[in-house]
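Q: Take a look and give me a structure for this.
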Amino acid sequence: MANSFDYELSQYLEFRDKEVCQRVRQIKRQDITNTPSDKLKIRVIEHETAFQFSFLMDIVSGIKRALDEGSKQYVLILPAPNPNYAFVAKMINDLNIPCHHVHTFNMDEYANEDGKTAPKNWKGGFQYWMYHDLFDRIRPELRMPDEQIHFPNDKNVNDYSKMLEDKGGADVCYGGIGWCGHIAFFEPHLGREFADDLDGYLEQGSRIVDLSPITVCQNSLYADAGSAGDWSWVPPKAATIGPKDLKNSKLVSFWNGFGAGESVWQRYITRLAAHGPVTPLVPASILQVINSELILSGSVAADCSTETSERRTEMVI
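A: Predicted structure coming up:
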């Protein structure tokens, strides 16, 4: 065809199966919840505000339910800081919910070129914002003890997965799918040696990793990087959990839909992870083989169309 243009996918991408990419790109909104996996459940919360409120309520209700059931411990893996965590703290305070049974393990933390992780007082770090947005906002008499709040760092990263195992694994591992398909900061390039060994990949735990260029760009868009696209602010490495920590969780609950706007970058990678092949080259595709749920906002679930000419015209008019 005269208007066709053929090309190979960029060498900087780990997953380059063009036929699969084309197939998942064409998955319509009404079909996105029809996952081929019996392990992964997908649902859509159409309204953005309801989506964000539901995420916060899910965290708080889990803490309260474990308390009411008399659980001695409730273990959470928490994703990167988000200003909405402040509402989690407010609900805990307003409802007077003791959190002494709660143990939190953050997914990841930035590190420099030598693998040294960011200190708690660095304002670009996850630890700084988790305390600012969540932990320091919970009333002292309700807050979980400091020794039950965990972050991966250069001193404990080799034992971080073992720390989780010693707790029996997480009751819930919260998170979301990264632009490149990563889980936490476990990037696609880490799956190269396991391309044909999924079982081996699922045994990979916490470590210091090099960040994907796509991840550096993604994280330069967030508030802790000034929301300015300043990729020079994003460190080159990170400490992160691994696929093993998701596999060992009783439930993996991923929420895709924060920061939605004119460009909804999670729309495509969600389809590839949930409807493409299960491969270490798309880390989040392991959601298809572990006990997991994927909750999408309406904007992420919307059709992933590359036919932009009419929409561009409408935007101009």
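
Q: What's the local residue count around Phe5?
A: Counted by other Cβ atoms under 10 Å, the residues lying close to Phe5 total 5. Where C-beta positions appear, they are placed from N, C-alpha and C, glycine not excepted.

Q: need the longest helix for the protein.
A: Taking DSSP state H as the criterion, the chain has its longest helix at helix 48-68.

Q: Could you look up the next helix or strand downstream of that helix?
A: strand 74-78 (DSSP states H and E).

Q: now what about that next one, what contacts it?
A: 59, 62-63, 66-67, 101-107, 130, 164, 167-175, 241, 245, 249 (Cβ atoms under 8 Å, 6 or more residues apart in numbering).

Q: Just those: which are in strands?
A: Of the positions in these, 102-106, 172-175 sit in strands, assigned by DSSP state E.

Q: And the strands in the stretch 101-250 of the chain?
A: 102-106, 108-111, 149-150, 172-175, 207-210, 237-240 (DSSP state E, counting those that start in this stretch).

Q: export those strands to JSON lines and tack on mean pLDDT, mean neighbour count and distance to Ala284?
A: JSON lines is the format used below for these (pLDDT from 0 to 100; neighbours: other Cβ atoms under 10 Å; distance: least, Cβ to Cβ, whole Å):
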{"stretch": "strand 102-106", "mean pLDDT": "98", "mean neighbour count": "22", "distance to Ala284": "18"}
{"stretch": "strand 108-111", "mean pLDDT": "98", "mean neighbour count": "25", "distance to Ala284": "14"}
{"stretch": "strand 149-150", "mean pLDDT": "98", "mean neighbour count": "18", "distance to Ala284": "23"}
{"stretch": "strand 172-175", "mean pLDDT": "98", "mean neighbour count": "24", "distance to Ala284": "9"}
{"stretch": "strand 207-210", "mean pLDDT": "98", "mean neighbour count": "20", "distance to Ala284": "15"}
{"stretch": "strand 237-240", "mean pLDDT": "98", "mean neighbour count": "26", "distance to Ala284": "13"}
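
Q: Can I get the ones you listed in TSV including distance to Pro81?
A: Below are those laid out as TSV (distance: least, Cβ to Cβ, whole Å):
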stretch	distance to Pro81
strand 102-106	9
strand 108-111	11
strand 149-150	13
strand 172-175	12
strand 207-210	19
strand 237-240	14
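
Q: I'd like to know which of these lies nearest to Tyr12.
A: strand 207-210 (13.1 Å; Cβ to Cβ).

Q: just how off-centre is the closest one within its chain?
A: 16 Å (Cα atoms, centre = their mean, to the nearest Å).

Q: what inclination does the longest helix of the chain have with respect to strand 102-106?
A: 130 degrees (axes from the mean of the first three to the mean of the last three Cα atoms, to 10 degrees).

Q: Quick one: mean pLDDT over helix 48-68.
A: For helix 48-68, mean pLDDT rounds to 96.

Q: helices or strands up against that helix?
A: strand 74-78, helix 85-94, strand 172-175, strand 252-256, strand 292-297, helix 298-301 (3 or more Cβ pairs under 8 Å, 6 or more residues apart in numbering; DSSP states H and E).

Q: same thing but at 6 Å, please
A: The contact analysis (3 or more Cβ pairs under 6 Å, 6 or more residues apart in numbering; DSSP states H and E) places helix 48-68 against helix 85-94.

Q: Can you list the buried residues in the helix it packs on?
A: 85, 87-89, 91-92 (16 or more other Cβ atoms under 10 Å).

Q: I'd guessed Val264 sits against Gly298; true?
A: No - under the criterion of Cβ atoms under 6 Å, Val264 is not in contact with Gly298, lying 9.9 Å apart.

Q: re the thing from before, tell me which of the strands of the stretch 101-250 of the chain sits nearest to Gln288.
A: Counting by Cβ to Cβ, and looking across all of those, nearest comes strand 172-175 at 15.1 Å.
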